[in-house]
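> sharing a model that was predicted from the sequence below.
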Amino acid sequence: MGLYYCKEFSFIQLDYKGPDEGLYTWVAANYALGTLGGDPQRTTGIIKLGEDSTEVTFVPREPIPLEFSRTVKVSGVTYNLYSHSLLQFGQVCLYNFAAFLQ
């Protein structure tokens, strides 16, 4: 899985997985909502259901374990994020599990 970026008609693939996928989705969602550049607590958390995993990313109110911690600086503001990737909980996995139960 990756993000395709077009620059002057040439395509490159940017590969990212797991917590980084959640981080980039969080940045994109909050950019679209216009919540970046201000109070981190006023941003919106995301739950992204992918094919093979689900990512959860948000600005926590309390300290979090380092293994789930990601830091990103956008518009001069540093955001300390909780980002966790739940492997085997994506759309395809859930669909296959539901089919197995029938």
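Great, that's in hand.
> who does the longest strand along the chain pair up with?
What stands out as the longest strand in the chain, according to DSSP state E, is strand 77-87. Using DSSP bridges, strand 77-87 pairs in its sheet with strand 53-58 (antiparallel), strand 69-74 (antiparallel).
> counting neighbours, which bits of the last one end up buried?
Meaning strand 69-74. Arg70, Val72 (16 or more other CB atoms under 10 Å). C-beta coordinates here come from the backbone N, C-alpha and C atoms, glycine included.
> assign Tyr31 to helix, strand or coil.
helix (DSSP: H, G, I helix; E, B strand; the rest coil).
> what is the neighbour count of it?
For Tyr31, the count of nearby residues is 13 (other CB atoms under 10 Å).
> repeat for Leu101
6.
> show me the helices in this structure, by range?
18-33, 91-101 (DSSP state H).
> out of those, deepest packed?
helix 18-33 (a mean of 18; mean count of other CB atoms under 10 Å).
> quick one: contacts for Arg61?
Gln41 (CB atoms under 8 Å, 6 or more residues apart in numbering).
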